[in-house]
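Chemist: With the input below, show me the fold.
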Amino acid sequence: MYTRVSEKWTLAQNKEQEEESHAGTLIRFVNALAREIGVPVPKEYFPRTTEDFEVLPYPVVLKPTCGEKQGLSAEQRYVIAKDARTARAAFEHFTFEDQYPVVQQYIAGGGVGYSVLAK
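Modeler: Residues are numbered from 1 along each chain as shown. Reported below is the predicted structural model:
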């Protein structure tokens, strides 16, 4: 049913378990595991009100919890917001079926993606 990744973390191995998980759980799982093993991870913020957006430490990156389900291409799956107005607009755009987007500290540099399919 589950794969043991470390003493504290497990991953669902089938689609039903994955779909039943709370929005953003996989992203938060990967970030927590990365921190546990010493990999630097950007800070995450949870704005919900207009005032929250006014005090974020800009720039920030906003990403939907599941851009694939929204039909977004890779380059459409994030916004780098340098101010509250841009962040609020991206937040509204990426909110999908009551799933709030991920809001993270912006770290300058290139991005690299990696996917694995294993049996």
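Chemist: so where do the strands sit in the chain?
Modeler: Here the chain has its strands, by DSSP state E, at 2-4, 10-12, 44-45, 60-63, 79-81, 102-105.
Chemist: Which of those has the lowest mean pLDDT?
Modeler: Per-stretch mean pLDDT for the strands of the chain is lowest at strand 2-4 (a mean of 38).
Chemist: who's in contact with the spatially most central residue of the chain?
Modeler: The residue lying closest to the centre of the chain (Cα atoms, centre = their mean) is Val102, at 4.1 Å. By Cβ atoms under 8 Å, 6 or more residues apart in numbering, the residues touching Val102 are 24, 27, 44, 62-65. The way it works is simple: take the backbone N, C-alpha and C, and place the C-beta from them, glycine included.
Chemist: Dig out what it forms beta bridges with.
Modeler: Lys63 (DSSP bridges).
Chemist: From Thr65, how far off is it?
Modeler: The gap separating Val102 from Thr65 is 6 Å, by Cβ to Cβ, to the nearest Å.
Chemist: One more: Phe94?
Modeler: The value you get for Phe94 to Thr65, if Cβ to Cβ is used, is 8 Å.
Chemist: Who has more neighbours out of the two?
Modeler: Phe94 (24 against 21; other Cβ atoms under 10 Å).
Chemist: neighbours around the closest residue to that one other than its chain neighbours, how many?
Modeler: Using Cβ to Cβ, 6 or more residues apart in numbering and skipping residues adjacent in sequence, the residue nearest Phe94 is Pro101, 3.6 Å away. By other Cβ under 10 Å, the residues close to Pro101 number 26.
Chemist: What separation is there between Pro101 and Leu33?
Modeler: 21 Å.
Chemist: And for Val55?
Modeler: Taking Cβ to Cβ, one finds Val55 at 29 Å from Leu33.
Chemist: Cool, thanks, talk later.
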